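Trainee: Output the structure for:
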Amino acid sequence: PPPDDGTRRRSTFKILQLADLHFGENAWDDWGPEQDRKSVGAIRSYLTSEGPDLVVLSGDQITAGNVDDNATAYYRAIFDAMVGSRPDVRWASTFGNHDDEPYDPPPRRGGA
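Mentor: As a prediction, this is how the structure comes out:
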């Protein structure tokens, strides 16, 4: 690198990676929706405290095999948590193996 003569401005570019959020997992039990709420809180907290320049969602944002209706609601919760905390945040996303799973109904309670 060229020598720093003190006139060049130093800067950083901060990336926040969010992986394996698994929204919608076990939506039929109490702990699934509770984990989603906790994840929303964590996303908001990280965006506020860390102030990233870019958020990268690197897969498994949802557990599609557990999503029987419209997955959009889960993606919307993630997006709203990001944009609600930082309206100017830039973001990118890639899908993981759980984002595109076919629906697998929950096990029946009380036997087969």
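
Trainee: After the lowest-mean-pLDDT helix or strand in the chain, which helix or strand is next?
Mentor: Taking mean pLDDT, DSSP states H and E as the measure, the chain has helix 72-85 as its least confident helix or strand, at a mean of 91. Next helix or strand after helix 72-85 toward the C-terminus (DSSP states H and E): strand 90-93.

Trainee: what helices or strands is that next one leaning on?
Mentor: strand 54-57 (3 or more CB pairs under 8 Å, 6 or more residues apart in numbering; DSSP states H and E). All C-beta atoms are positioned from the backbone trio N, CA, C, and that covers glycine.

Trainee: which residues in this protein form helices?
Mentor: 31-50, 72-85 (DSSP state H).

Trainee: same question for the first one, mean pLDDT?
Mentor: Same thing as helix 31-50. Averaged over helix 31-50, pLDDT sits at 94.

Trainee: what helices or strands is that helix leaning on?
Mentor: strand 15-18, helix 72-85.

Trainee: So Arg86 is in contact with Tyr46, correct?
Mentor: No: using CB atoms under 8 Å, Arg86 is not in contact with Tyr46; the gap is 10.0 Å.

Trainee: Please identify the deepest-packed of the helices of the chain.
Mentor: Of all the helices of the chain, helix 72-85 has the most neighbours on average by mean count of other CB atoms under 10 Å, namely a mean of 17.

Trainee: List of residues touching it?
Mentor: The contact list for helix 72-85 (CB atoms under 8 Å, 6 or more residues apart in numbering) reads 18, 21, 23-24, 36, 39-40, 43-44, 47-48, 55, 57, 61-62, 67, 89, 91.
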